[in-house]
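Peer 1: got a predicted structure here, sequence first:
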Amino acid sequence: MGIAPRSAPRREKARAATIEEIKRTAVALMREHGTADLKFADIARAMDMTAPALYRYFADRDALLSDLIADAYNDLGDAVAKARDALPADDVGGRFLAVAQSYRRWAREEPQQFALILGLPIKGYTAPEDGPTTEAAQRAMSQLSALFVQALAAGRLAPPRVREVHPSLVACAELKSHDLPVAIPADTFQAMLQAWSALHGFVSLEAYGHFAWIDEAGRDALFESHARLTAQNAGLPLD
């Protein structure tokens, strides 16, 4: 009985390891330089490779950026899902606060990845339509909307404080409800968007240094009250 050749699996493992090293190096350079404007020459230099050698692993800079963006969204999605699922399913308000804190914590721990996916658009880069970046973004962002869906299905969601909804948002709510287990009222759909906007706004201000004049304890308290106010405005119960 012959022994199956092992060279192909070894090559595949070596290739996968090199791809991961390229991505780690790219993220490290983004952190060092404070920008997502990657250059293959810089990555190759840091890895003691030639720039043309990188094209064996990524077709171009945009392909590498797409992988990094998908990875960042997946990391964010995993972080907030882990925080949410650490609390009982019936603790809707507690889960929302946990998601909010996890979103903020991830942005503080991974500022360059946060900027990569939720900061200014990268010059010259266009994400592929319906590609891995879109799928990863939808998975990450659905962690917050799932809380509203679960609360609504369980009868734990009160009407939001703002009930007036523009017709275009009514149409968006109807379209999105087709993919959900329960129909989302237009005012709740609007509240979901407002909740994410409110959390993201605070986190962005903090990430880019606009709250640096407040000490850390003050920022922590301010964010906690901000998240609680956001939940109350959206109709989420805070037990």
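Peer 2: That came through, no problem.
Peer 1: next helix or strand past the lowest-mean-pLDDT helix or strand in the chain?
Peer 2: Of all helical and strand segments in the chain, the minimum by mean pLDDT, DSSP states H and E falls on helix 132-153, at a mean of 84. Note on helix 132-153: by DSSP states H and E, the next helix or strand toward the C-terminus is helix 167-177.
Peer 1: angle of the helix or strand just after that next one against helix 167-177?
Peer 2: The helix or strand immediately downstream of helix 167-177 is helix 186-207, counting by DSSP H and E. For helix 186-207 against helix 167-177, the angle by axes from the mean of the first three to the mean of the last three CA atoms, to 10 degrees is 100 degrees.
Peer 1: buried stuff in the helix or strand that helix 186-207 is followed by?
Peer 2: Past helix 186-207, further along toward the C-terminus, the next helix or strand under DSSP H and E is helix 216-234. For helix 216-234, a neighbour-count test (16 or more other CB atoms under 10 Å) marks 219, 223, 226-228, 230-231, 234 as buried. Where C-beta positions appear, they are placed from N, C-alpha and C, glycine not excepted.
Peer 1: ditto for stretch 103-118
Peer 2: 103-104, 106-107, 110-118.
Peer 1: stretch 54-68 too?
Peer 2: Per 16+ other CB under 10 Å, stretch 54-68 contains these buried residues: 54, 57-58, 61-62, 64-68.
Peer 1: host element of A70?
Peer 2: Assigned by DSSP H and E, A70 belongs to helix 61-85.
Peer 1: what angle do that helix and helix 132-153 make?
Peer 2: Using the same axes, to 10 degrees, helix 61-85 lies at 20 degrees relative to helix 132-153.
Peer 1: average pLDDT for helix 61-85?
Peer 2: What helix 61-85 shows for mean pLDDT is 91.
Peer 1: who are the packing partners of it?
Peer 2: helix 7-33, helix 92-109, helix 111-118, helix 132-153 (3 or more CB pairs under 8 Å, 6 or more residues apart in numbering; DSSP states H and E).
Peer 1: mind giving me the domain ranges of the chain?
Peer 2: According to automatic domain parsing, the chain comprises the domains 1-58, 76-234.
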